[in-house]
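[1] I would like to see how this sequence folds:
(one chain, ligands or ions: 3)
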Amino acid sequence: MAVEIKSKTEIEKMRATCRLAASVLDHIAPFVVPGVTTGELDRICHEYIVRHGAYPSPLNYKGFPRSICTSVNEVVCHGIPGDRTLKAGDIVNLDITTTLDGYFGDCSEMFVVGGETTPEAKKLVDVTREALWLGIAEVGPNKRIGDIGAAIFEFANGRHGYGVVEAFCGHGIGREFHMAPQVSHVGKRGNGMRMKPGMTFTIEPMINLGTPHCDILADGWTAVTKDRKWSAQVEHTILVTEGGYEVLTMRESAWRPKWAA
Ligand code: MF3
Ligand code: CO
Ligand code: CO
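    Residues are numbered from 1 along each chain as shown. Ligands and ions are numbered 1, 2, ... in the order given. As a prediction, the model looks like this:
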């Protein structure tokens, strides 16, 4: 499948929708506290997105019933907001996608409920953030897509021994939620197509304390680790530029490595 190259006007629209999606993470952050339900977080995000003239892309996407994904502890991704109450020490991924002026922007962030968790879970979150940025650093014109996942895998699995999920990938994004190319998080160096300026795609590694394998719960959506050990994920939408990359879902408050400051 051919990968779309966005025009200048389209890139402006991608910037706008990605900026809005990222701002949802800032808006919701103070509400991610012990005692809140994932359903309440969904409601607050939904209201904010609609108030800003956008649509919460997950809602009714292939039958998904809510406006964001909330993935707690052993949930790898696509957790459905509901009655689950967050407790201190939980780690939760909030995955936000907006459709603004026809264009999708997609990002996610980890939150440590109550601000403190076990050293094991904290390290998992830290390694996942670093892994995403090591993947981002591989983005640039003429570079190969496989190098993104290779960098993530070498660090998260090779260096830290974590399971890197293969069942879900990053994806091209634009006027569609998911489009070519597929961005594996376990790629091989020198493999895959070459990136070109104007391509936009997500990188969204899911990193497990244990094995990389997942089960899907009976709701048809919620992906959990097969061994039920905890999992973390972070996501950005990236534009390939002449000089390298632009992180379209970056925001002032977001974590970034010192070398990307
Ligand atoms: N935002 C997710 C991603 O990063 C996709 C969620 S699809 C949904 O690709 F239907 F679960 F919302
Ligand atoms: Co995505
Ligand atoms: Co997402």
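[2] only C-alpha atoms for contact and neighbour calcs from this point on.
    Fine.
[3] what's A22 in contact with, if anything?
    96, 107, 249-251 (C-alpha atoms under 8 Å, 6 or more residues apart in numbering).
[4] secondary structure class for A150?
    Using DSSP: H, G, I helix; E, B strand; the rest coil, the structure places A150 in helix.
[5] what does R15 give?
    Looking at R15 with three-state DSSP, the answer is helix.
[6] For it, give me its contacts.
    Taking C-alpha under 8 Å, 6+ apart, one finds 248-249 in contact with R15.
[7] Kindly state the pLDDT recorded for it?
    Looking at R15, its pLDDT is 99.
[8] Can you measure across stretch 182-202, start residue to end residue?
    Terminal residues of stretch 182-202 lie 9 Å apart, using C-alpha to C-alpha, to the nearest Å.
[9] let me redo that: stretch 58-75
    End-to-end distance (C-alpha to C-alpha), stretch 58-75: 17 Å.
[10] likewise stretch 173-181?
    Using C-alpha to C-alpha, one end of stretch 173-181 lies 9 Å from the other.
[11] quick one: that stretch to chain centroid distance?
    14 Å (C-alpha atoms, centre = their mean, to the nearest Å).
[12] State the mean pLDDT of that stretch.
    Confidence over stretch 173-181 (mean pLDDT, whole number) is 98.
[13] If you count neighbours, what's buried in it?
    Of the residues in stretch 173-181, 173-175, 177, 179-181 count as buried by neighbour count, 16 or more other C-alpha atoms under 10 Å.
[14] what does stretch 157-173 give?
    For stretch 157-173, the neighbour count (16+ other C-alpha under 10 Å) marks 157, 162-166, 168-173 as buried.
[15] taking those residues one by one, which sit in strands?
    163-164, 170-172 (DSSP state E).
[16] Same list (the contacts of A22) but as JSON lines, adding neighbour count, distance to ligand 3 and secondary structure.
    Below are those laid out as JSON lines (neighbours: other C-alpha atoms under 10 Å; distance: C-alpha to the ion, whole Å; DSSP: H, G, I helix; E, B strand; the rest coil):
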{"residue": "I96", "neighbour count": "29", "distance to ligand 3": "6", "secondary structure": "strand"}
{"residue": "C107", "neighbour count": "26", "distance to ligand 3": "5", "secondary structure": "strand"}
{"residue": "T249", "neighbour count": "26", "distance to ligand 3": "11", "secondary structure": "coil"}
{"residue": "M250", "neighbour count": "19", "distance to ligand 3": "14", "secondary structure": "coil"}
{"residue": "R251", "neighbour count": "17", "distance to ligand 3": "16", "secondary structure": "coil"}
